[in-house]
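>>> pasting the sequence and the predicted model now:
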Amino acid sequence: MQVQGLLLLLALILLAATTEAGKNKKEKVKKDDSECEDWRWGPCVPNSKDCGLGYREGTCKDESKKLKCKIPCNWKKKFGADCKYKFESWGGCSAQTGVKTRSGILKKALYNAQCEEIVYVTKPCSSKIKSKSKAKKGKGKD
């Protein structure tokens, strides 16, 4: 009987601790006290180098705020991380320039970013010829 009572008491203590921890998490959420609705947000500025964690500054009338943001380190596009585009398939390789091109149409501008409606990107043509025979090697040994 004492073991059951001890287990019940332990379960109640554990339940109370998890409930209290949940309340603390809810209290930490900041409420937006601002009544301003016309916020103007600047670009995400990394803390160091040209990618990673940083801050975005916003202003509205006499108020200003800073939001945490992140620029992925593989994001080197000239049109910025706040402009999201829907890209079509890569075009054929140009024998004259040695590059292939594709275009993207603006899908979403985050934080009222100034984005171009259509962008064009290029990349060097691949010199490798893809072969399916590699998958068959190693099979059929005697």
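Nice, I can see it.

>>> show me how the chain divides into domains.
Structurally, the chain divides into domains by the TED database as follows: 35-73, 75-127.

>>> now those domains as JSON lines including mean neighbour count, distance to residue 13 and mean pLDDT?
For glycine as for every other residue, the C-beta is placed from the backbone atoms N, C-alpha and C. Listed next are those as JSON lines, based on neighbours: other CB atoms under 10 Å; distance: least, CB to CB, whole Å; pLDDT from 0 to 100:
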{"stretch": "domain 35-73", "mean neighbour count": "13", "distance to residue 13": "36", "mean pLDDT": "87"}
{"stretch": "domain 75-127", "mean neighbour count": "13", "distance to residue 13": "45", "mean pLDDT": "88"}
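
>>> all the strands of the chain, residue numbers only.
Taking DSSP state E to define them, one finds strands in the chain at 40-41, 45-46, 52-60, 63-71, 83-87, 99-109, 118-124.

>>> which other residues reach the fourth one?
Applying CB atoms under 8 Å, 6 or more residues apart in numbering, the external contacts of strand 63-71 come out as 34, 36, 39, 41, 44, 46, 50-59, 81.

>>> now do the fifth one
With CB under 8 Å, 6+ apart as the contact definition, strand 83-87 has outside contacts at 79, 102-110, 113, 115-116, 119, 121.

>>> quick one: strands adjacent to that strand?
According to DSSP bridges, strand 83-87 forms sheet pairs with strand 99-109 (antiparallel).
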